[in-house]
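Enquirer: give the three-dimensional model of this entry:
(one chain, ligands or ions: 1)
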Amino acid sequence: MDFHCIEALLDLPEVRVIAQVLGPKQLELHLERRENTIVCPRCQTCCSRVKERRPRCLRDLPILEHPTVLWLHLRRFACPACHHRPWEESETFGKCTKWTERLYNQVRSEFLRGCPGKELARRYGLSEHTVFRWTFERSRGGRPRKLGRVIGIDEYARRKGHRYNTLIVDVDKGKPIATLQGRRADDVVAWFRSRPQAERDQVKVVVADRSKPYAAAIQEVFGDQVQVIDHFHVVQQAVEALDAVLRAVKNQLDQGEAKELKKLRKRWLKSSDQLNVDELIARYEWCRRFPELRATLNWVQALRKWFNRTYEKPAREALVQLIEQASQSAQAALQRIAGTLTRWFEPIVRYIRNRYTNGITEGFNNKIKLIQRMAYGLRNEHNRQKRILAWCGAP
Ligand SMILES: [Zn+2]
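Expert: From the prediction side, this is the model:
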């Protein structure tokens, strides 16, 4: 019998189908590895004589809407040279799993999207309990994880503009540690104080954006040597300052020219070697016409380059110079950012030594938005924590 069609649907190149049985409830496929020999792990001889076979049962994604069970017939070979009897191993399927990774991921993501567990259980031939267990087995029952060496802290909206929560993330491991209600300094301090002292002592770096309550909380709990400012937020404010200058320039122009300037906006911040000759000339021309634009552009470029520095002491001096330039500038936007840099001087300089960013925390924020939307808001705080711990970050 020819199984090409079913093999194409199965899409597992390592194995071939040797038989199929379509029952009333499910489709059963019997599989074998395509490779008919293995290399003996002891003496590296090629073995081809089969000694025994043992089937393994795995659940897989449905084929043509039939829930599917795979019977993988693994063989044991006899080595002609050293009388060792090695079992063959599959690369596609993990060692002890009873289901395929793709089924697991599919069920979890559909459950998250709000598909009812009963429906999923029927469609994939699982029990409702399994659907629930798979979805939440990484949630630790909603208990917070241990604090790590580097943690990130950020807020997310429970209801946008109304209620906010705080998210705490292990930046090294890429996993959320906990979420808590509120974003005020005393909320955060109270949560950290509720953790054991030994755990708190492990924390060496805390990455945050420029939020005052978090800075105050971090200072109170960990002292003033740990906080690092995420450089993304600093550069973002600088780019906003540049945009303010651009807007001011645009108001002096007629419509056609303003449009052209807008088109160039994306290219302002690229370094010279990323631009082609025309763009370079255009940028030069605009800067010549508007000196205030040139000054701001150069300053923002210098700030971005500053974050690539390696050594702390020259970086410190360079940042002082940058602040001085900005505060002497005629642009109000630049003067404002000089104020920000002065206020956050130490946390920003610490970035040079501990190059951590809050990128992963921001990524989780997006995922949390998705989770909350799927669950129509999530009233129950424990439920929210469980879902966030189960769904964010690497397995
Ligand atoms: Zn051998």
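Enquirer: okay, the helix-or-strand element of the chain with minimal mean pLDDT in PDB with CA atoms only?
Expert: Least confident element among the helices and strands of the chain, by mean pLDDT, DSSP states H and E: helix 255-264 (a mean of 76). Coordinates of the C-alpha atoms in helix 255-264 are reproduced here as PDB (Å, rounded to 0.1, in the frame of the first residue of the first chain):
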ATOM      1  CA  GLN A 255       3.600  72.100   2.100                       C
ATOM      2  CA  GLY A 256       5.700  70.400  -0.500                       C
ATOM      3  CA  GLU A 257       8.900  70.900   1.400                       C
ATOM      4  CA  ALA A 258       7.400  69.800   4.600                       C
ATOM      5  CA  LYS A 259       6.300  66.600   3.000                       C
ATOM      6  CA  GLU A 260       9.800  66.000   1.800                       C
ATOM      7  CA  LEU A 261      11.300  66.600   5.200                       C
ATOM      8  CA  LYS A 262       8.800  64.100   6.700                       C
ATOM      9  CA  LYS A 263       9.900  61.500   4.200                       C
ATOM     10  CA  LEU A 264      13.500  62.000   5.400                       C
END
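Enquirer: what are the buried residues along that helix?
Expert: Ala258, Leu261 (16 or more other CB atoms under 10 Å). C-betas here are computed from N, CA, C, even on glycine.
Enquirer: give me the residues contacting the strand or helix carrying Ala190.
Expert: Element membership for Ala190, per DSSP states H and E: helix 185-193. Contact partners of helix 185-193, identified using CB atoms under 8 Å, 6 or more residues apart in numbering, comprise 153, 166, 168, 178, 180-182, 200, 213-214, 216-218, 220-222.
Enquirer: residues in contact with the least confident helix or strand of the chain?
Expert: So helix 255-264 is contacted by Leu246, Val249, Lys250, Leu253, Glu279, Ala282, Arg283, Trp286 (CB under 8 Å, 6+ apart).
Enquirer: got a quick ChimeraX command for the buried subset of these?
Expert: ChimeraX command restricting the contacts of helix 255-264 to the buried ones, with burial defined by 16+ other CB under 10 Å:
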select :246,249,282,283,286
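Enquirer: could the contacts of helix 255-264 be laid out in a markdown table, adding distance to the ion?
Expert: Compiled in a markdown table, these are given as follows (distance: CB to the ion, whole Å):
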| residue | distance to the ion |
| --- | --- |
| Leu246 | 72 |
| Val249 | 77 |
| Lys250 | 77 |
| Leu253 | 80 |
| Glu279 | 65 |
| Ala282 | 70 |
| Arg283 | 68 |
| Trp286 | 74 |
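Enquirer: can you pull the residues of the stretch 151-300 of the chain lying near the ion?
Expert: With the criterion set to CB under 5 Å from the ion, the stretch 151-300 of the chain never comes near the ion.
Enquirer: show me which of the contacts of helix 255-264 is closest to Pro80.
Expert: Glu279 (68.9 Å; CB to CB).
Enquirer: wait, the closest one touches Arg267, no?
Expert: Yes: under the criterion of CB atoms under 8 Å, Glu279 is in contact with Arg267, at a separation of 5.3 Å.
Enquirer: got any ranges where this protein has weak pLDDT?
Expert: 1, 268-269, 271-273, 375-378, 394-395 (pLDDT under 70).
Enquirer: report all helices and strands that the longest strand seen in it contacts.
Expert: When the chain is parsed with DSSP state E, its longest strand is strand 49-63. When contacts are defined as 3 or more CB pairs under 8 Å, 6 or more residues apart in numbering; DSSP states H and E, strand 49-63 sits against helix 4-10, strand 27-33, strand 66-78, helix 101-112, helix 117-124.
Enquirer: how close does Gln236 sit to Arg304?
Expert: Gln236 sits at a distance of 11 Å from Arg304 (criterion: CB to CB, to the nearest Å).
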